[in-house]
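S.K.: I would like the atomic coordinates for the input below:
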Amino acid sequence: MREEIKRFPDLNFLSLLIANTPLRVQMKDFAIEIVWLRYYYPAAEENSAASLGEHRHSFYELHYCFNGSCRYAVNGRLYPVEEGQAILISAQQKHTRLMQSPGHGKVAMGFVLTAGDASELTMQLRRVFGREPAMVFHDTQTLSGLLYDILGEFSRQSIGFHEVVMSKLLQVVIECARQYACGEEAPASYINRIDRRITELNAYIEAHMDERMSCNDLAERVHMSTRQLNRIIQKEFGYSLMTYVNKLRSARARDLLVNSDESISRIAAAVGFANEFSFGKFFKRMEGMTPGAFRRSRFNPGQAP
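M.R.: All right, here's what the predicted structure looks like:
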């Protein structure tokens, strides 16, 4: 089913449509609020870092990787997610996405149990999802089929499609709970401790994205020499410290261009550039197109950049 998702027509258009559709599963004594549901099509780019620093939510997150691979940090543990696998991150867990591979594509969903605290199903789900901070699912055939069906329903929009989508989303959550209940915490060879200094570094970069940052500044923040910090970043991500910072800036810029109405000049300032011209040169070097062309291509999927 992964191949079918990759080849699905107008995937980017459907992502925007789904993101703007209220989704709530409501039963007599049970409810699930879908905070967001997004499809990210494969991006032909080099390994890129996360667009967010370490953070937490009051809802659960599901990330199904249908192309490429990625790595998440949850409560100081590293969770590699390969193609065809999924990760579910429990509510209130500190986490960040550390890296994604070239051509990474995924389906991401956030959901919260909003009612029916005394219902048997609610208690079962909360008990199961509370077992571990996160869990990687290997058997995702059922899950990928449900997500593909949701795409199809949004694409066709036949009579009752919204109700069918609600039913499929409920099945997605229950399938996650079943996978969680059958799973076991990954062994030490699979989950490794993340150097706390990388978490501190990410937090600082995210908080000071609108400022100029040198290697020396960053090294001082994590109480290391520039050489030591470069060595850690090279080991974890395969490139230099400043390349890592630039990828974070580019990822933040991409997010703002697609998910905000901010002008390009304001986005330039938000990611640390003095003017729109220098930001444009940087963005084109990193992404292969200008910021304006990138924004247009995301909101007009049929239009070549």
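S.K.: could you use CA atoms for every contact and neighbour count after this?
M.R.: OK.
S.K.: the top helix by length along the chain packs against which elements?
M.R.: Taking DSSP state H as the criterion, the chain has its longest helix at helix 161-182. In this structure, helix 161-182 makes packing contacts with strand 23-26, helix 120-129, strand 134-137, helix 141-156, judged by 3 or more CA pairs under 8 Å, 6 or more residues apart in numbering; DSSP states H and E.
S.K.: wait, which of these is closest to E220?
M.R.: Nearest of the helices and strands packed on helix 161-182 to E220, taken as CA to CA: strand 134-137 at 31.9 Å.
S.K.: neighbours of N75, how many?
M.R.: For N75, the count of nearby residues is 16 (other CA atoms under 10 Å).
S.K.: just to revisit the earlier point, tilt between the longest helix of the chain and helix 141-156?
M.R.: Counting by axes from the mean of the first three to the mean of the last three CA atoms, to 10 degrees, helix 161-182 points 170 degrees away from the direction of helix 141-156.
S.K.: any idea which helix or strand comes after helix 161-182?
M.R.: Next in sequence after helix 161-182, counting helices and strands by DSSP states H and E, comes helix 196-207.
S.K.: centre of the chain to that following helix, how far?
M.R.: Relative to its chain's centre, helix 196-207 lies at 18 Å (CA atoms, centre = their mean, to the nearest Å).
S.K.: L229 reaches E220, doesn't it?
M.R.: No. At 9.7 Å, L229 and E220 do not qualify as touching, with contact defined as CA atoms under 8 Å.
S.K.: just name the most buried of the helices and strands packed on helix 161-182.
M.R.: Most buried of these, by mean neighbour count (mean count of other CA atoms under 10 Å): strand 134-137, with a mean of 24.
S.K.: weakest of the helices and strands packed on helix 161-182 by average pLDDT?
M.R.: Least confidently modelled of the helices and strands packed on helix 161-182 is strand 23-26, at a mean of 74 by mean pLDDT.
S.K.: strand partners (parallel or antiparallel) of that one?
M.R.: According to DSSP bridges, strand 23-26 has the following sheet partners: strand 31-40 (antiparallel).
S.K.: relative to helix 120-129, how tilted is the partner strand?
M.R.: Inter-element angle recorded for strand 31-40 and helix 120-129: 50 degrees (by the same axes, to 10 degrees).
S.K.: pLDDT averaged over strand 31-40 - what is it?
M.R.: Computed over strand 31-40, the mean pLDDT rounds to 80.
S.K.: show me how far it is from its chain's centre.
M.R.: A distance of 12 Å separates the centroid of the chain from that of strand 31-40, by CA atoms, centre = their mean.
S.K.: which one, of the helices and strands packed on helix 161-182, ends up nearest to G110?
M.R.: strand 23-26 (10.9 Å).
S.K.: ok now the closest one, how far from the chain's centre?
M.R.: Relative to the centre of its chain, strand 23-26 is centred 22 Å away, using CA atoms, centre = their mean.
S.K.: quick one on the thing from earlier: more neighbours, L229 and E220?
M.R.: More crowded of L229 and E220, by other CA under 10 Å: L229, with 23 against 12.
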